[in-house]
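1. how would this look folded up:
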Amino acid sequence: MSKKAIVLLSGGLDSSTTLYFAKSKGYEVNCLVFDYGQTHKKEISQAKAVAAKAQCPIFVVKISLPWKGSALLDKKISIPKDRALNAKDIPVTYVPARNIIFLSFAASAAEATGASHIFIGANAVDYSGYPDCRPEFIKAYQNMLGLGLKTSVEGKVIKVTTPLIHLTKAAIVKLAVKLKVPLELTWSCYSGGKRPCGVCDSCRLRAQGFAQAHVIDHTV
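-> This is a model prediction of the structure:
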C-alpha cells in the first residue's frame, strides 16, 4: 500500500526540494499550489512546471486575502532591496498567518485523500525571519492538528514534516542537486519579471546558497 502525502509547493527552491525529498521517500504526492492574490503569478506557473516534471498531480487553491497586509499582496508596498539578511525585524514581505492558512488547507486535503504526511519547505536558518517558519510554530501546529482532526481522534496522526527546517541554503542546494530537482524551473524572486531581480531577500539568500554550494544557478 503506497504512502500518501500532501506537499505545499510554491515553485521556489525550498518547496521544490521538499517535493523531490518526499518522492525520494516513496510517497505518493499531491501538490498544493496557492493562488492567494500575489502581485505576480510567476511562482504559480513555475510550481505547475515543477509538479509536471515530478509527475505529481496538483490542487490549485484560489483564495482571497482582501485585507492584504504584505508587499507580496499590495503593489503600494515596496519590496525591500539589499536589506541586511541578518536583520532582526520581520520584513514587509511577511504575509499575515500565511503558513497557518496554507497548512490548514493541507490538513483538509490530507484528511480527505488519506495522506499521512504534510510536507512543507519551512526553513529557520537562511530565511527572512518569518515567525511561521520556526520549529516552535510547527510543533504547536502539530499539537493543534492532534486535537482538531477526525483522523487524530481515531488515532491516525497526520504529521507535518519539515525536512529543510535546520538546513542552510547551501545545504538545501546540495540536497536539491542530489535529488535531481529541476532547479532551472524554480522561482524564488519576490518580483515577477522575466528574470529574478537579484536584490530582494529571497534572491539574495538563494544566490548566497548557490555560491556557497559551488553550484551554478541557471535561472539568473
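2. skipping adjacent residues, who's closest to residue 29 in space?
-> Closest residue in space to residue 29, ignoring its immediate chain neighbours: residue 56 at 4.6 Å, by Cβ to Cβ, 6 or more residues apart in numbering. Backbone N, C-alpha and C define where each C-beta goes, glycine included.
3. let me see the contact set for the one you found.
-> 7, 19, 23, 29-31 (Cβ atoms under 8 Å, 6 or more residues apart in numbering).
4. for the longest helix that the chain contains, the distance to its chain's centre please.
-> Ranked by number of residues, the top helix in the chain under DSSP state H is helix 98-113. Distance of helix 98-113 from the chain centroid (Cα atoms, centre = their mean, to the nearest Å) equals 13 Å.
5. residue 34 reaches residue 61, doesn't it?
-> Yes. Taking Cβ atoms under 8 Å as the definition, residue 34 is a contact partner of residue 61 at 5.3 Å.
6. where do the contact lists of the two overlap?
-> residue 105.
7. pull the longest strand from the chain.
-> Criterion DSSP state E: the longest strand present in the chain is strand 27-35.
8. what separates the residue lying farthest from the centre of the chain from residue 115, distance-wise?
-> Within the chain, the residue lying farthest from the chain centre (Cα atoms, centre = their mean) is residue 154, at 29.1 Å. As judged by Cβ to Cβ, to the nearest Å, residue 154 and residue 115 stand 15 Å apart.
9. with residue 158 instead?
-> Residue 158 is 7 Å from residue 115, where distance means Cβ to Cβ.
10. got it, and residue 35?
-> 21 Å.
11. of the two, which one has the most company?
-> Comparing residue 35 with residue 115 by neighbour count (other Cβ atoms under 10 Å), the higher total belongs to residue 115, at 24 against 14.
12. helix or strand: which one has that one?
-> For residue 115, there is no helix or strand it lies in under DSSP states H and E.
13. can you list the helices and strands that the longest strand of the chain packs against?
-> strand 3-8, helix 13-24, helix 42-53, strand 58-62, helix 98-113, strand 117-119 (3 or more Cβ pairs under 8 Å, 6 or more residues apart in numbering; DSSP states H and E).
14. now do the SS call for the residue nearest to residue 29.
-> coil (DSSP: H, G, I helix; E, B strand; the rest coil).
15. pLDDT score for it?
-> For residue 56, the model assigns a pLDDT of 98.
16. same deal with residue 184?
-> Predicted confidence (pLDDT) for residue 184: 96.
17. name the nearest residue to it, ignoring sequence neighbours.
-> Going by Cβ to Cβ, 6+ apart, residue 184 has residue 218 as its nearest residue, at 4.5 Å.
18. ok, now how distant is that neighbour from residue 211?
-> Where residue 211 is concerned, residue 218 sits at a distance of 14 Å (Cβ to Cβ).
19. neighbour count winner among these two?
-> Legend: neighbour count by other Cβ under 10 Å for residue 218 and residue 211, higher for residue 211 (14 against 9).
20. convert the C-alpha atoms of the lowest-mean-pLDDT helix or strand in the chain to PDB, please.
-> Within the chain, no helix or strand scores below helix 150-153, which has a mean of 92 by mean pLDDT, DSSP states H and E. Taking C-alpha atoms only, helix 150-153 is exported to PDB below (Å, rounded to 0.1, in the frame of the first residue of the first chain):
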ATOM      1  CA  LYS A 150     -11.300  13.400  12.900                       C
ATOM      2  CA  THR A 151      -8.300  11.300  12.000                       C
ATOM      3  CA  SER A 152      -6.500  12.300  15.200                       C
ATOM      4  CA  VAL A 153      -9.500  11.300  17.300                       C
END
